[in-house]
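Chemist: Build me a model:
(chains A and B)
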Amino acid sequence: MDLEMGEDRFFGSSLTILRRFLFRILAVGPIPNHITFIMDGNRRYAKKQNLEQGAGHKAGFPALMSMLKYCYELGVKFITVYAFSIDNFKRRPEEVQYVMDLMQEKIEGLLKEESIVNQYGVRVYFVGNLKLLNEPVRVAAEKAMLATANNTSTLLLICVAYTSSDEIVHSIQNSCQEKWDEMQASKVNGACNGEICKQEKERCAIKLVDLEKHMYMGVAPDPDILIRSSGEMRLSNFLLWQSANCLLYSPSALWPEIGLRHLVWAVLNFQRNHSYLEKKKKHSYLEKKKKQL
Amino acid sequence: FNNGFGRGDTERLSLGCSGENCVISLGQSCNLGLFLLWHILHFIGTFWYLALRIANALESCLISSGLLKKYKVLCSGKIQCLAIVVDSKDADQTSKVIELLQWLGALGVKYVCLYDTEGVLKKSKEAITGSGRFSHAKSSEEATKTDPLLEQELITVEFASCSDGKAAAVKAANLLFMKYYLGGEQEESILSESHVAEALEAIGLFAIFFPSSSVSVIGLNNLILMPRAFRLWGPSSRPSISLWACKMPPRLPSMKNSLH
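Modeler: Okay, here's the model as predicted:
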C-alpha cells in the first residue's frame, strides 16, 4: 500500500516536472496575457458516462481547476470562465438550483487555505448581473471578492448571470447616469444659468471610452484566446464586445475531458498567429485614437 | 524572443570556458536547447496544418466531382442568414465578391451579410447589387412593403463594417441619453435590450427578426477571428451564431463544406 502510494507520488512529481519543462519550452515564444474558457459539454458528458442529471457539472470542476493551474504555471495573468449565462436560467429549475448550489459550494471552497486562489495569489472577480443570483450565492461571491481583494499576482474572472448584450445595456445605462450626474453637478455650479447649454451637451456626449469603462469586463484587458470545449463554434453571447481580435479555438473534447494538450495546442496556435493578431490590435488602437470616440 | 542567445555567445561556447563563464555558457546552452525544442514543437504544428490542407484540398476535389453524396443536396433552407467576413485587402475584388454571391444564390441562401472592417464593400455596394439578382437589404419597415414574389427570387445583401459595431453602440447610447435623460424628466426606469435595439434601428442599423434564428458566419481567412464588433447586436430572439473559417480566396467546394 505504502509502495503504491510512493509510486503514485513519484509518477505525479515526474509529470509535474515534465509539464513545467514543456511550459519552459513554450515560454520561448509569446505567452497569452488573457485566456477565456466557455465550459461547454458538461451535460453531454453526464449523458455519455450514464451519470445522473447535473453530475456533469460536478465532473467539470476538476477540469476547471486543472486548467487554471496550468494557465497560472504557464504565466497567464488573466483568466475568464463563462460559468453561467443569463439564458441558462431558462433551463429546468432543478438543474438551475443544482448549479447554484454547486457554485456556492465551490466559491466557499476557493477561500480555503489550500485552494488554488491562495496558492497562486489570485484575485477573484464575479462578473455579470449578480442581482439575478439567489442570495446565498451572491453573498458567497461578494465574500470571495472581498477576501481576495489584496491578491495582485493574477486575476480570475468568473462570469455568472452574464451575457454580452446585458453587459452592453448595463454599460450604456451607467454611462448615461454618469453623464447625467456630471451635467447636474455643473448646473449646480452655475455653469449655464440653470439650463443645459450646447457646449455642455457636447462635453457630456458619451464616448467609446465611457462605455468600455462601465463594462463588467473593464477590469481586464481584451482576451488573447477564447477556448470553447465540445467543438461548438459559437460564442453564445459571450465577450462579443471584447473578442474582436481574439483567437478562437474549439477543441472537440467535452469540458470534463479537456486537458493539458488542448491548452498547449491553443498556445502554439496563438504563437503561430501572434504577429498577425498584434498587427490587428495595433490597427484597432490607431483607428480608435484617430476617431477619438 | 526572450532567449538571450546571441552571436558573441556562440564564440564563447566554441572556445571553451572556465569558472563563472562556464555557468553562463551552460545557461546559454540551455536556452539554445529550449529554443530548438520550441522550433520542433512549431514544426510539428506546421506539419499538421500542411496535412490538414492536403486533406481539405482532396475533399474539395471530391466535392467538385460530385462523388460525395452528402454535398449534392445542401439544406440551405436551414440557414436564414449567412454572414461573411471579408478581409478589407480582398474586399475591392468586386468580381470575386459577385462570384461568391452567385454561388450562394445557386446554393439557395437567401440573406447574406457582407462585412469588412474598413467599409470597402459598402463603397462597392452599387456595383455589387447592380450586377445580378441581388437586392440591397432595406429597413425592416420597407422590407414588408416589397413584392413577396420578387423577394423570393433575390438574394438580399446587407453590408456592414466596423462603424456598425462599437461606434454604432456609442451613437445608440447618446440617442438613449438624449431621449430618456435630456428629453424631459429623467426616467427612473432601467434601460433594457429592447431600448437599445430601438436606438440601433433609429440610427439605421435594423435588426433582422427571424422567428427561430440561426446565423452562420464564415470568415474568409484561415484564422477564426471574431471581426471587430461584428453584429454585436442580434435579433431579439437571440440567435445562435455559428462560426466557420474557409480558405481565401473562397472556392465553391470549401463553401459547400462549411455550409454543410
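Chemist: Backbone torsions only: list them for the nearest residue to A:A55 once chain neighbours are set aside.
Modeler: Leaving aside its sequence neighbours, A:A55 sits nearest to A:A46 (Cβ to Cβ, 6 or more residues apart in numbering or on different chains; 5.0 Å). For every residue, glycine as well, the C-beta is placed using N, CA and C. Dihedral pair for A:A46: phi -60, psi -40, per degrees, to the nearest 10.
Chemist: can you list the residues of the stretch 51-200 of chain B near chain A?
Modeler: B:162, B:165-167, B:169-170, B:172-174, B:176-177, B:180-182, B:186, B:190-193, B:195-196 (Cβ under 8 Å from any Cβ of the partner chain).
Chemist: Just the ones of these in helices?
Modeler: Among these, the members found in helices (DSSP state H) are B:K166, B:A167, B:A169, B:V170, B:A172, B:A173, B:N174, B:L176, B:F177, B:E193, B:H195, B:V196.
Chemist: Go through those residues and single out the one with the most neighbours.
Modeler: B:A173 (28 neighbours; other Cβ atoms under 10 Å in any protein chain shown).
Chemist: tell me the pLDDT at that one?
Modeler: On the pLDDT scale, B:A173 is placed at 92.
Chemist: ok, it - contacts?
Modeler: A:I172, A:S175, A:C176, A:I206, A:D210, A:L211, B:A199 (Cβ atoms under 8 Å, 6 or more residues apart in numbering or on different chains).
Chemist: and the closest residue to the fifth one other than its chain neighbours, what helix or strand is that in?
Modeler: Spelled out, that is A:D210. Excluding the flanking residues, the one nearest A:D210 by Cβ to Cβ, 6+ apart is A:S175, at 4.5 Å. Per DSSP states H and E: A:S175 is located in helix A:164-188.
Chemist: how about that helix: buried residues?
Modeler: Neighbour-count burial for helix A:164-188 flags A:164-176, A:179-180, A:183, A:186-187 (criterion: 16 or more other Cβ atoms under 10 Å in any protein chain shown).
Chemist: do the same with stretch A:215-230
Modeler: Here stretch A:215-230 shows A:215-217, A:220, A:222-230 as buried, counting by 16+ other Cβ under 10 Å.
Chemist: how about the residues of the stretch 51-200 of chain A near chain B?
Modeler: Going by Cβ under 8 Å from any Cβ, the residues of the stretch 51-200 of chain A near chain B are A:87, A:164-166, A:168-169, A:172-173, A:175-176, A:179-180, A:196.
Chemist: List just the nearest of these to A:L133.
Modeler: When these are compared for distance to A:L133 (Cβ to Cβ), A:D166 wins out at 13.2 Å.
Chemist: quick one, helices of the stretch 1-150 of chain B?
Modeler: Using DSSP state H, counting those that start in this stretch, the helices found in the stretch 1-150 of chain B span residues B:7-15, B:20-65, B:94-107, B:120-123, B:125-129, B:140-143, B:148-153.
Chemist: would you list those in a markdown table and tack on mean pLDDT?
Modeler: Formatted as a markdown table, the helices of the stretch 1-150 of chain B follow (pLDDT from 0 to 100):
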| stretch | mean pLDDT |
| --- | --- |
| helix B:7-15 | 42 |
| helix B:20-65 | 87 |
| helix B:94-107 | 85 |
| helix B:120-123 | 86 |
| helix B:125-129 | 80 |
| helix B:140-143 | 42 |
| helix B:148-153 | 48 |
